[in-house]
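1. The following block contains a protein sequence and its predicted model.
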Amino acid sequence: MAQTIPKKTAGNNHFVEEWVGKVYTTLCVLFLVATIIAMVYFVASRGLSTFFKDHVNVFELLGGLKWSPEGSPPSFGAFPFIFGSFSTSLLAALLAAPLSICASIFMIEITPKFGRKFLQPVIELLAGIPSVVYGFIGLSVIVPLFRDIFPGQGLGVAAGALVLSIMILPTMTTVATDALASLPAGLKEGSYALGATRWQTIYRVVIPTTLPALMTGVVLGIARAFGEALAVQMVIGNAPFVPRSLFESASTLTSAITLSMGNTAAGSTHNNALWSLAMILMLMTFVFVFIVRWLEGRSKL
Amino acid sequence: MKKSLMLIMAMVLTFTLAACGQANNGGTTAGSATSSSSPSTEPSAEPSAEASGLTGSLLATGSSALQPLVDQASKMFMEKNSGVTIQVQGGGSGTGLTQVSEGQANIGNSDVYAEEKLDADKAKELVDHQVAVVAMAAVVNKAVKVDNLTKQQLVDIFTGKVTNWKDLGGDDAAIVIVNRPASSGTRATFEKYALGQKSEDLQGSIQEDSSGTVKKIIGETPGAIGYLALSYLDDSIKSVSYDGVAANVENVANGTYPVWAYEHMYTKGEPDAAAKAFLEYMMSDEIQNEKGLVVELGYIPTSQMQVVRDLDGNITKK
């Protein structure tokens, strides 16, 4: 260090600035990394003690159909929750993906001025609404509507998926809009030069080239739906069973955790089993992140 | 460069440790004589003793059913004793019992006896303060034409043996069960004193934890049945009698209506000065009389009860 300072006497001030900036950012990054490691360690240590300390069979937890942790004998079959989480979030993505991709095509390709100035802020506004509001709207509007139209009580996978699909719209739309906007103009101009119409350009050129990025948005939306707890818990019914129809009470990993975590004492088998569910959620988040990274790797224009 | 990295690591470590220490301190009462588990020796920045002489900070956490009562009582207590700060948090009975048992909170609020959630040796360390009684009623959708249910009928409903109201003297309509999660204190009370046995989760039944949501769903769903604390009853739903006894404060107090439980505030060992004063305030006439906070918020004062019940459920006249 002593050797480097004389060379930069003129820029000594800059050196201090540089050093402060470097230390501060490094500090933040280290703190972030430490937080992440601590969280993963905490969830894993609690979640794994279900298997090592309480001797619950891993396969029974993952594949078992009966969730009765306070029963005698207790049983910890979490498959209904895993099924509920996947069915609601995939169904939500199925509803939301066409809407959001079409919305972003409309905003970027068809009405750039109106779209970017008016439509995009409106859709992004959806992201700012608290999830309890979505849950309450679902409970007050969607559930009674479903109860009148379809057999059953209205609470169920369908209500959960519909609420979730509105919640993940902004995520998907924002990612898709950015992808479409960053498409090099030359590609489209080339298509038009060949005499293609706007619609032909959109579905032959624009969508195929941006597909990996569009899929990234869809996967991020699914990940958001997978982790959403409160709104789903209010409208899905929460019975720990694999539902026989879309309009029958079901449960997700998150709703199972939020319903019982506060009522169970830390260290009890029931509490540990809930942490195991949290660990499954965390592992699924890792999977989603890997899928997104993989899709990003493919989207080299 | 290595040196600076070491420096950063040291700083991060100190920061983290300081944060940990802080968290521990929050729960313990500064300025009182209780043994503090926190090793830090930082001077306590407490204001000078008030007229009452009480100083300290308390954390009460746990049962969301008890939270409104403790929350409002703590505000009234703090007005009188400005040297004491009380923080009231929810989180559920399990959280309250765990945190008070591990020393993270001074007071653990619970709907159930500590023995029902914690290991026996951990529960033994806790001192029980029963501050109120909460009673529960079976409630149905207003369109249901049944006004009374026997214990056996309730058992049949909640075990799935009876699935239509016409078998219970009502109209031909399917029964929709709105239950609580298996870990809920409200469900434990209802199972123990109304059903006399555990109830199974049934396929197609609905489970919600919040009483407000339960009330909303029962009010809107035809054929729905669930259970709520008396403080939640209003005319959007209908409460049914239990074995011919109406669910009201009078019948709970004289011992004829059995579906009730104590609300507990647990301390670890005997409470310190500030916690003791607060718990005494909770039991004082000001809070417990017929115009006090307990009645106002829909709980039943323990002093009004003509019967007492122990952990095993044995009822004796006072």
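-> That came through fine. Residues are numbered from 1 along each chain as shown, chains lettered A, B, ... in the order given.
2. Tell me if stretch A:68-87 is near chain B.
-> Yes - with CB under 8 Å from any CB of the partner chain as the criterion, chain B is reached by stretch A:68-87 at A:68-72. For every residue, glycine as well, the C-beta is placed using N, CA and C.
3. Pick the one among those residues closest to chain B.
-> A:E70 (4.3 Å; CB to the nearest CB).
4. Now name the helix or strand holding the closest one.
-> For A:E70, there is no enclosing helix or strand under DSSP states H and E.
5. Tell me the buried residues in stretch A:245-263?
-> A:246-263 (16 or more other CB atoms under 10 Å in any protein chain shown).
6. hmm, it in reach of chain B?
-> Yes - with CB under 8 Å from any CB as the criterion, chain B is reached by stretch A:245-263 at A:248-249, A:251, A:258-263.
7. Max pairwise distance over those residues: which two?
-> A:E248 and A:G262 (26.4 Å; CB to CB).
8. So the residue in chain A that chain B sits nearest to: helix, strand or coil?
-> Among the residues of chain A, A:G262 lies nearest to chain B; the distance is 2.4 Å by CB to the nearest CB. With DSSP: H, G, I helix; E, B strand; the rest coil as the basis, A:G262 sits in helix.
9. in chain A, which helix has the most residues?
-> Counting residues, the longest helix found in chain A (DSSP state H) is helix A:12-52.
10. returning to that earlier point: the residue of chain A closest to chain B against B:Q89, yeah?
-> No - applying CB atoms under 8 Å as the test, A:G262 and B:Q89 come out as separate, 10.5 Å apart.
11. which residues sit against stretch A:181-190?
-> A:108, A:201, A:205-206, A:209-210, A:301 (CB atoms under 8 Å, 6 or more residues apart in numbering or on different chains).
12. switch the cut-off to 10 Å
-> A:104, A:107-109, A:112, A:116, A:193, A:196, A:198, A:201-202, A:205-206, A:209-210, A:213, A:301 (CB atoms under 10 Å, 6 or more residues apart in numbering or on different chains).
13. are any of those residues buried, and which?
-> Listed as buried from these are A:104, A:107-109, A:196, A:201-202, A:205-206, A:209-210, A:213; burial here means 16+ other CB under 10 Å.
14. Show me the residues you listed that map onto strands.
-> Judged by DSSP state E, the subset of the buried ones among the contacts of stretch A:181-190 located in strands is empty.
15. and stretch B:196-211, how far from the chain's centre?
-> Distance of stretch B:196-211 from the chain centroid (CA atoms, centre = their mean, to the nearest Å) equals 19 Å.
16. what about the residue of the stretch 51-200 of chain B found nearest chain A, distance to B:G226?
-> Relative to chain A, the nearest point of the stretch 51-200 of chain B is B:G92 (2.4 Å; CB to the nearest CB). Note on B:G92: its distance to B:G226, by CB to CB, to the nearest Å, is 19 Å.
17. do the same with B:S183
-> Using CB to CB, B:S183 is found at 17 Å from B:G226.
18. The two: which has the busier surroundings?
-> Remark: of B:S183 and B:G226, B:G226 carries more neighbours, 29 against 25, as counted by other CB atoms under 10 Å in any protein chain shown.
19. Assign a three-state SS to that one, would you?
-> strand.
20. picking that back up, which one of the residues of stretch A:245-263 next to chain B is nearest B:V162?
-> Closest to B:V162, out of all of these and judged by CB to CB, is A:S249, at 18.5 Å.
21. Show me which positions of the host helix or strand of B:M265 end up buried.
-> In this structure, B:M265 sits in strand B:260-268 according to DSSP H and E. By neighbour count with 16+ other CB under 10 Å, strand B:260-268 contains the buried residues B:260-268.
22. what are the ranges of the strands in the stretch 151-300 of chain B?
-> All strands of the stretch 151-300 of chain B, identified by DSSP state E, counting those that start in this stretch, fall at B:176-179, B:206-207, B:224-229, B:238-239, B:241-242, B:260-268.
23. right, so of those, which gets closest to A:A96?
-> With CB to CB as the yardstick, what comes closest out of the strands of the stretch 151-300 of chain B is strand B:206-207 (25.6 Å).
24. which regions of the chain lie under the pLDDT threshold?
-> All of this refers to chain A. Scanning chain A for pLDDT under 70 picks out the ranges A:1-11, A:300-301.
25. oops, I was thinking of chain B
-> B:1-52.
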